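Peer 1: give the three-dimensional model of this entry:
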Amino acid sequence: MKKITEDADRFLRSIGMHPDFTDIGKLIEEYRSEMDRGLRGENSSLEMIPTYIAYEGEVPDREPVIAIDAGGTNLRIGLVTFSDGVPCLSKVAKYAMPGSHGEIGAEEFFDELADKILPLTGESDKIGFCFSYPAEILPDCDGKILCLTKKEVCVRNAEGIIIGRKLGEKLREKGSDKSFKTIILNDTVASLMGGIATLRLSDCDGLAGLILGTGNNTCYTEKGEKIKKLKNAKDMIAGYGHDDRVCAYAELAAILSSDAPEKTSVCILADKEEIGSEGVSGMKSRAFERFMGDLCDTQNVKLSHCFEHSFCISADVTNAFDPVYPDVSEKRNASKINYGMGICKFTGHGGKSDSNDASAEVVAHLRRIFAENKVVWQMAELGKVDQGGGGTVAMYMAERDIDTIDAGVPVLSMHSPYETVSKFDCYMTYKGIKAAYAEK
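Peer 2: Numbers count the residues shown, from 1 in each chain. Coordinates of the predicted model:
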């Protein structure tokens, strides 16, 4: 052992890589500088690729998940279920990786994969996929293949395929009637999450995962607000005051671009919603009734009759699920970025206190309008009961005997100095409001 140590020492000195020749402090400073540049999306030797996955939160107990590990030579598939916080594996099977016995096409690759997963789909509609190939992880935690080729595996025409989406299509072709939610993990991230699940660490300042093989890949946990390049993403808009400028813009742009509607359309831009809609410019003001009353008088219509035959969209933003802070939202009920306009049946706090709760008929009416006009929408809420919550002007419109429902743009980091929204969601909100104006 002594001779090996001496030989290694001489070798490191001969190539100038001995620790005695290294200024560790300077090296750490340079490394952190490269990390910061990568987080900002600038030129850097470290790409700092975001995963959109949070390690905090409670693991659902006794809820099976289909686990897939696609490696260089082997494909492993099984069920993972947590029981009192302890992961349990079952129905584990190992196969040769599709494409490891000869070059195949992407369709054949996903066909083989779906065939092997199908027997487990009766157990779960959730899939955790450790994908050990280059992929761009998307904000919804699906992944886009960059390359599906290694020394042992070769798959043609796979570049650009969205993994979870394609796999779901193949499973439905083979007879499954479920809508699957797939989370794509790089093997480095999977090693980190596996360590967290096994060791249940809670008193650490930071956590890291490491894959040491032919290459050296590392991941670590980082706060979302430090990943500055996400705020420059082409499909996102970040800035101050999206709540409620994005919705105000959508309703104003929609009415200005509408042809003469069959029914009277009104765009109300109210102020002071965040302090209870007080004052002359707030929704509690009589200004709205006076304006509508004057309008009704010109048509010899009673104001009360007008209100009871009206329909109102309270175009307020809604809370988008943030994977960095998952504990404040109900993941299955929260809206998501890039999934369309959010319909919020009720708001309030502590459940439905101080809110409007739209009837099933009102929800159905809006859904029909959106379906007929190809508006992409999703259901939404303002956070987990007793942890989230908030109010809109909807209840003040409902008090006037107007059928009202909240619907608007999902927002990340609501009420922060730098809120984030999706361009797609903004467009769908504009399209949805315009369709409501045109309703006959």
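Peer 1: can you give me the strands for the stretch 151-300 of the chain?
Peer 2: Applying DSSP state E, counting those that start in this stretch to the stretch 151-300 of the chain gives strands spanning 155-156, 181-185, 208-212, 216-220, 236-239.
Peer 1: quick one: the second one to chain centroid distance?
Peer 2: Going back to what we said before, that points to strand 181-185. 12 Å (Cα atoms, centre = their mean, to the nearest Å).
Peer 1: same question for the helix or strand in which His305 is found: list its buried residues.
Peer 2: Secondary structure from DSSP states H and E places His305 in helix 303-308. Across helix 303-308, burial judged by 16 or more other Cβ atoms under 10 Å covers Leu303, Cys306, Phe307. Where you see a C-beta, it was placed from the backbone N, CA and C, and this is true even at glycine.
Peer 1: for the last one, what are its contacts?
Peer 2: Meaning Phe307. Phe307 is in contact with Met292, Arg400, Asp401, Ile402, counting by Cβ atoms under 8 Å, 6 or more residues apart in numbering.
Peer 1: so where do the helices sit in the stretch 251-400 of the chain?
Peer 2: 287-297, 303-308, 360-372, 394-398 (DSSP state H, counting those that start in this stretch).
Peer 1: hang on, Cys88 in a strand?
Peer 2: Yes: counting by DSSP: H, G, I helix; E, B strand; the rest coil, Cys88 is located in a strand.
Peer 1: quick one: residues contacting it.
Peer 2: Counting by Cβ under 8 Å, 6+ apart, Cys88 has contacts Val80, Thr81, Phe82.
Peer 1: could you list the domains of this structure?
Peer 2: Here the domain parsing of the chain from automatic domain parsing is 2-40, 65-222, 231-437.
Peer 1: quick one: end-to-end distance for the shortest one.
Peer 2: So that's domain 2-40. Terminal residues of domain 2-40 lie 46 Å apart, using Cα to Cα, to the nearest Å.
Peer 1: and the longest helix along the chain, what's its mean pLDDT?
Peer 2: Longest among the helix segments of the chain by residue count, using DSSP state H, is helix 24-40. Averaging pLDDT along helix 24-40 gives 90.
Peer 1: contact partners of it?
Peer 2: Asn43, Ser44, Ser45, Leu46, Glu47, Met48, Glu222, Lys226, Ile227, Lys228, Lys229.
Peer 1: for the second one, give me its contacts.
Peer 2: Going back to what we said before, that points to Ser44. Here Ser44 is in contact with Glu34, Met35, Arg37, Gly38 (Cβ under 8 Å, 6+ apart).
Peer 1: try the fifth one
Peer 2: In this structure, Glu47 makes contact with Gly38, judged by Cβ under 8 Å, 6+ apart.
Peer 1: helix, strand, or coil at it?
Peer 2: Classification of Glu47 using three-state DSSP returns coil.
Peer 1: do you know how far it is from Asn300?
Peer 2: Per Cβ to Cβ, to the nearest Å, Glu47 is found 68 Å from Asn300.
Peer 1: next up, phi/psi of Ile66, please.
Peer 2: Main-chain torsions, Ile66, degrees, to the nearest 10: phi -80, psi 120.
Peer 1: beta partners for it?
Peer 2: In this structure, Ile66 bridges to Leu79, Ile127 when assessed by DSSP bridges.
Peer 1: what's the pLDDT at it?
Peer 2: According to the model, Ile66 scores 95 on pLDDT.
Peer 1: list the residues that contact it.
Peer 2: Contacts of Ile66 were listed using Cβ under 8 Å, 6+ apart, and they are Ile77, Gly78, Leu79, Ile117, Leu120, Thr121, Glu123, Ser124, Lys126, Ile127, Gly128.
Peer 1: do Leu269 as well
Peer 2: Counting by Cβ under 8 Å, 6+ apart, Leu269 has contacts Ala248, Glu251, Leu252.
Peer 1: which of the residues you listed tops the neighbour count?
Peer 2: Glu251 (25 neighbours; other Cβ atoms under 10 Å).
Peer 1: gap between it and Gly241?
Peer 2: Glu251 is 16 Å from Gly241, by Cβ to Cβ.
Peer 1: swap in His305?
Peer 2: When His305 is compared with Gly241 (using Cβ to Cβ), they lie 37 Å apart.
Peer 1: could you do Phe82 as well?
Peer 2: Taken as Cβ to Cβ, the span from Phe82 to Gly241 is 41 Å.
Peer 1: which of these two has more neighbours?
Peer 2: Comparing Phe82 with Gly241 by neighbour count (other Cβ under 10 Å), the higher total belongs to Phe82, at 17 against 10.
Peer 1: got the contact list for the nearest residue to that one once chain neighbours are set aside?
Peer 2: Counting by Cβ to Cβ, 6 or more residues apart in numbering, the nearest residue to Phe82 once its immediate chain neighbours are dropped is Val59, at 4.7 Å. By Cβ under 8 Å, 6+ apart, the contact list for Val59 reads Phe82, Gly85, Ala197.
Peer 1: what's the answer for Glu225, then?
Peer 2: Ser413, Tyr418.
Peer 1: again with Lys440
Peer 2: Glu262, Lys263.
Peer 1: related to what we said a few turns ago, Phe21: which of the contacts of Val59 is nearest?
Peer 2: Set against Phe21, the nearest of the contacts of Val59 by Cβ to Cβ is Ala197 (40.4 Å).
Peer 1: and the buried residues of helix 303-308 as CSV, adding distance to Lys440 and pLDDT?
Peer 2: Formatted as CSV, the buried residues of helix 303-308 follow (distance: Cβ to Cβ, whole Å; pLDDT from 0 to 100):
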residue, distance to Lys440, pLDDT
Leu303, 23, 93
Cys306, 17, 94
Phe307, 20, 94
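Peer 1: can you put these in TSV and add distance to Tyr95?
Peer 2: Below are the buried residues of helix 303-308 laid out as TSV (distance: Cβ to Cβ, whole Å):
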residue	distance to Tyr95
Leu303	71
Cys306	67
Phe307	65
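Peer 1: and those, which is closest to Lys336?
Peer 2: Lys336 lies nearest to Phe307 out of those, by Cβ to Cβ, at 34.4 Å.
Peer 1: about what we covered before: among the contacts of Ser44, which pair sits farthest apart?
Peer 2: Spanning the widest gap among the contacts of Ser44 are Met35 and Arg37, at 7.3 Å by Cβ to Cβ.
Peer 1: so where's the stretch 251-400 of the chain uncertain?
Peer 2: 350-351, 387-388 (pLDDT under 70).
Peer 1: sorry, that was for the stretch 101-250 of the chain
Peer 2: Across the stretch 101-250 of the chain, the ranges flagged by pLDDT under 70 are 198-203, 213-215, 231-234.
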